[in-house]
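Chemist: can't give you the sequence, but here's the structure:
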């Protein structure tokens, strides 16, 4: 919080004097906001502190800055952990994924909608803003069925509103938007990218409920996103996602220790920053080949099948 506040103040001064350095400072500021979100994430798992009360308090306070209502996120993310890799339990806390068979059975307009959703510009550009700014506050998916979450969302909105009002009155609302908008947009994009890469890689694991196993899904369906040291700090070691899914009560500050004690985990589903870029086109789960494939691969395979016929 302290370095983020310092960067934010420096950016506000830069904007006031019309200096472009504010945009450069938005990058480390967004990184700090991502790290705050990761601490909130651990609070949602009751792993950051020993006390449940302390986890909930810190999670709610941080949520006012990350635009993420704590209880909504905690419940949705718990469902994600309980159902990750289960083809029969998709829909909450995950990136929408269709199988090749499901996609082929859709009418044209819904196939088009899915392709638009899976477009990188939408998935990593438009969707992050939609999720953090709007979705968490609209009666969609979980909120539509669990109205008991509404008070927590309203409290989070109130805290965020008070912060925006106080800071806006101090620096001017125009300056506030110019400073905060790039930080929020960049941090949201980084967050969605991390979540995507942690499960959407070629050799990930998906199975129907009858064959689904929690431990297998955790180890084989989550990646080890091996980032450079500075990025590991900003992302609070969440790249060790297979370990995190295997035991979500391990706090982020002990994940590296797990990798040191069990070095074999370092080679499981290992993705470098460069290798992660190859995950972007992967949009469909091929149940026959048991891997994620791109639309192009599916189309090429269909043509080959028609040729043999």
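Modeler: Nice, I can see it. Since we're looking at a predicted model, the values are computed, not measured.
Chemist: tell me the contacts of residue 102?
Modeler: By C-beta atoms under 8 Å, 6 or more residues apart in numbering, the contact list for residue 102 is empty. (Glycine included, C-beta is placed from N, CA and C.)
Chemist: looks to me like it is in a strand.
Modeler: No. Counting by DSSP: H, G, I helix; E, B strand; the rest coil, residue 102 is not found in a strand; it is helix.
Chemist: check what pLDDT it gets.
Modeler: At residue 102, the model reports a pLDDT of 95.
Chemist: quick one: secondary structure of residue 271?
Modeler: strand.
Chemist: likewise residue 167?
Modeler: Going by three-state DSSP: residue 167 is helix.
Chemist: hmm, it is touching residue 176, no?
Modeler: Yes. Between residue 167 and residue 176 a contact is recorded at 5.7 Å, counting by C-beta atoms under 8 Å.
Chemist: which of those two has more neighbours?
Modeler: residue 176 (20 against 17; other C-beta atoms under 10 Å).
Chemist: mind checking which helix or strand that one is in?
Modeler: For residue 176, the host element (DSSP states H and E) is helix 173-197.
Chemist: show the average pLDDT along that helix.
Modeler: The pLDDT scores in helix 173-197 average 94.
Chemist: buried sites along that helix?
Modeler: Neighbour-count burial for helix 173-197, with 16 or more other C-beta atoms under 10 Å as criterion, is recorded at 175-176, 178-180, 182-197.
Chemist: now swap in stretch 285-293 and tell me
Modeler: Of all the residues in stretch 285-293, those buried under the rule 16+ other C-beta under 10 Å are 285, 286, 291, 292, 293.
Chemist: over to stretch 132-151?
Modeler: Of the residues in stretch 132-151, 132, 136, 137, 142, 143, 149 count as buried by neighbour count, 16+ other C-beta under 10 Å.
Chemist: same check, this time on stretch 273-286
Modeler: Buried residues in stretch 273-286 (16+ other C-beta under 10 Å): 276, 279, 280, 282, 283, 284, 285, 286.
Chemist: state the mean pLDDT of it.
Modeler: Mean per-residue pLDDT for stretch 273-286: 94.
Chemist: who touches that stretch?
Modeler: Identification of contacts with stretch 273-286 by C-beta under 8 Å, 6+ apart yields 87, 97-100, 103, 114-115, 118, 120, 196-197, 200-202, 206, 225, 227-228, 231, 271, 291-296, 298.
Chemist: emit the PyMOL select command for whichever of those residues are buried.
Modeler: Under the burial definition 16+ other C-beta under 10 Å, those of those that qualify are selected in PyMOL by:
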select buried, resi 87+97+98+99+100+103+114+118+196+197+200+201+206+225+227+231+271+291+292+293+294+295+298
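Chemist: what is the helix holding residue 176 packed up against?
Modeler: Helix 173-197 is packed against helix 2-16, helix 21-44, helix 127-129, helix 150-171, with contacts defined by 3 or more C-beta pairs under 8 Å, 6 or more residues apart in numbering; DSSP states H and E.
Chemist: in CSV, list those along with distance to residue 58.
Modeler: Below are these laid out as CSV (distance: least, C-beta to C-beta, whole Å):
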stretch, distance to residue 58
helix 2-16, 15
helix 21-44, 5
helix 127-129, 23
helix 150-171, 13
